[in-house]
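Visitor: Just a sequence and a predicted model for now, questions to come.
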Amino acid sequence: MASKSNWQDELTLLESMDYMLTNGVDCDISFKLGKAGSDIVPAHKFVLAIRSSVFRPMLFGPLAEKDSTVEIPDVESDTFKCFLRFLYTDTCTITADNVLALMYAANKYNVGRLVKECGQFITDNLSTANVCTIMETAYLFDNQDLRQSCLEFIEKHSNVIVKEKLLSDLGQECLGDVLRSDNLKVSEEDIFTAVLSWADRRCTEKDLEVNDSNRRHVLGDLLYLLRFPLMSQEKFVSISETNESLLSLQEQVTMFRGYVTGNFSKSPFSSNRRSECKTQNICYRFTHEHIRNTTGWNYLGDHDALTFKVSEPVDITGLVLFGCTEGSSAYNVHIEVVELGQITKTTVVSTSTEKTFEVLFSKPVEVQPNKNYTLKVCLGNGPRTYFGENGISRVMCGDISFVFSTSSQSGNGTDVSTGQIFDTSKDPCDHDPISTQTTVGTPVTTTLSVHRQQKCNTMASNWQDELTLLESMDYMLTNGMDCDISFKLGKAGSDVVPAHKFVLAIRSSVFRAMLFGPLA
């Protein structure tokens, strides 16, 4: 195909750009990628310059690279190819496996539009399992929007994240963000336990003995973000006895005075109340030992459905569904609560290591007692998933009874004893429950060894940052930037119009031969 002399003839600009990249036509720079540097990827300086305010001075500035081969040891070949695809066409395939590495490359080379697309993908796929890791990555990348999205997610699902001690994945700065929040829906006792676990992990990482003195050392000022005045006196006494060296004698005295007088104004610890922690109702439709993947649960576009009723009014905020049995797959999920006409549509990435994924309703479903409700779920034509057997038809969640029954609207085989629909959130005990607290998404996992990133764009303006490819090319033409050819026009030749050889060559087979051919 590359040998065709007039391939430009019927192609759009984006198609021509894609052709040049895919076929390596007229490339004038190459990149050695990864630590080994064994993968060589060719590209075009012009495209890099109009798409990145970092590449432009690096390739055309006063300190420009003289070598036609540039080494990038901190970006792997597959990631860089995907990154280039975006530079050339404004599109690329973002997946759970490449999103963090791709965001790293986009952030490093100041490609703002791709940073935002990666951030949106991550936000759409946040889960209790990955949100702390993602928040820490957002801090390293100095991505404030993503960092805030993670904080809001943690606030919304703090009951799960704090109790499962997932905060240990955060660094000191991000943990501080969480502890400053007034919107954690969990008791201060649980927050203290999670922070203690965080401190124990830091001690271990620093080869320090795990004791109260070292805990206080690694916590530093984070200790004063704990709100001990929100605890009962009995609980605080228990903590003081168990961790007698964590707080100083003076700090303990001011706390006990506060309990006696009801005034904690002299305490170094805040007494501002956090959000009230709501009771979590968890129902186990299937137990862990009855999850199956022998044949998988098949999908051909039909609905799985299940009917349920409750004994008391309750809010249901989402469902936990069985996920793929192999690898990682995206499902186009359609959920309907038939009697209420409430529909939720989303795309969720599932990984086989988790067995389930969670979908949050756009708003809680308020269900009334002794009335049948039908949940209809469609996963499109997605790949096979795990499924459950020996489902429990009547489950007590505290004082509330959930009764499940087979629905006549189930066209994909799910019934009260077998199939899809785990219902809502997964508990810490590795059972598969129905709950009024859920999260959305699946872990987005890529291992990156990075320090907090600083963009190397001090020499460049960043007009490229938010522009599409077409907008960037229009900007270059309109402002006559980096032009490498001029045309004297008309008989008099008095009008001189500058242009770019690269653009002319990818748009016209005549110009390509004239500018880059053997008789150029």
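Guide: Ah, there it is.
Visitor: From now on I want contacts and neighbour counts done on CA atoms only, so please keep to that.
Guide: Fine.
Visitor: Send over the helix ranked longest in the chain as PDB, restricted to the C-alpha atoms.
Guide: Secondary structure of the chain per DSSP state H: the longest helix is helix 188-205. Only the C-alpha atoms of helix 188-205 are listed here, as PDB (Å, rounded to 0.1, in the frame of the first residue of the first chain):
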ATOM      1  CA  GLU A 188     -14.100   8.300  64.000                       C
ATOM      2  CA  GLU A 189     -13.100   5.000  65.700                       C
ATOM      3  CA  ASP A 190     -12.900   3.300  62.300                       C
ATOM      4  CA  ILE A 191     -10.900   6.200  60.900                       C
ATOM      5  CA  PHE A 192      -8.500   5.900  63.800                       C
ATOM      6  CA  THR A 193      -8.100   2.200  63.100                       C
ATOM      7  CA  ALA A 194      -7.400   2.800  59.400                       C
ATOM      8  CA  VAL A 195      -4.900   5.500  60.200                       C
ATOM      9  CA  LEU A 196      -3.100   3.300  62.700                       C
ATOM     10  CA  SER A 197      -2.900   0.600  59.900                       C
ATOM     11  CA  TRP A 198      -1.400   3.300  57.600                       C
ATOM     12  CA  ALA A 199       1.200   4.200  60.200                       C
ATOM     13  CA  ASP A 200       2.100   0.500  60.800                       C
ATOM     14  CA  ARG A 201       2.700   0.100  57.000                       C
ATOM     15  CA  ARG A 202       4.900   3.200  56.900                       C
ATOM     16  CA  CYS A 203       6.900   1.900  59.800                       C
ATOM     17  CA  THR A 204       7.400  -1.400  58.100                       C
ATOM     18  CA  GLU A 205       8.500   0.300  54.800                       C
END
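Visitor: Buried ones in that helix, by neighbour count?
Guide: For helix 188-205, the neighbour count (16 or more other C-alpha atoms under 10 Å) marks 188-189, 191-192, 194-203 as buried.
Visitor: Only alpha carbons, please: show the helix or strand following it as CSV.
Guide: Next helix or strand after helix 188-205 toward the C-terminus (DSSP states H and E): helix 212-219. Provided in CSV are the C-alpha atoms of helix 212-219 (Å, rounded to 0.1, in the frame of the first residue of the first chain):
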residue,chain,number,x,y,z
ASP,A,212,3.5,4.1,69.4
SER,A,213,6.6,6.3,69.2
ASN,A,214,7.4,5.4,65.6
ARG,A,215,3.7,5.6,64.6
ARG,A,216,3.6,9.1,65.9
HIS,A,217,6.8,9.9,64.0
VAL,A,218,5.6,8.7,60.6
LEU,A,219,2.2,10.3,61.1
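Visitor: next helix or strand past helix 212-219?
Guide: helix 233-242.
Visitor: now that following helix against helix 188-205, angle please.
Guide: With axes from the mean of the first three to the mean of the last three C-alpha atoms, to 10 degrees applied, the angle from helix 233-242 to helix 188-205 works out at 20 degrees.
Visitor: Pull the residues that contact the longest helix of the chain.
Guide: When contacts are defined by C-alpha atoms under 8 Å, 6 or more residues apart in numbering, helix 188-205 is touched by residues 162-169, 209-210, 214-216, 218-219, 226-228, 230-231, 235.
Visitor: again, 6 Å this time
Guide: 162, 165, 168, 210, 215 (C-alpha atoms under 6 Å, 6 or more residues apart in numbering).
Visitor: So among those, which ones count as buried?
Guide: When the contacts of helix 188-205 are checked against 16+ other C-alpha under 10 Å, the ones flagged as buried are 162, 165, 168, 215.
Visitor: got the contact list for the second one?
Guide: Taking C-alpha under 6 Å, 6+ apart as the criterion, Lys165 is in contact with Ala194.
Visitor: Thr22 versus that one, what's the distance?
Guide: 46 Å (C-alpha to C-alpha, to the nearest Å).
Visitor: for the first one, same thing?
Guide: Applying C-alpha to C-alpha, the value for Val162 to Thr22 is 47 Å.
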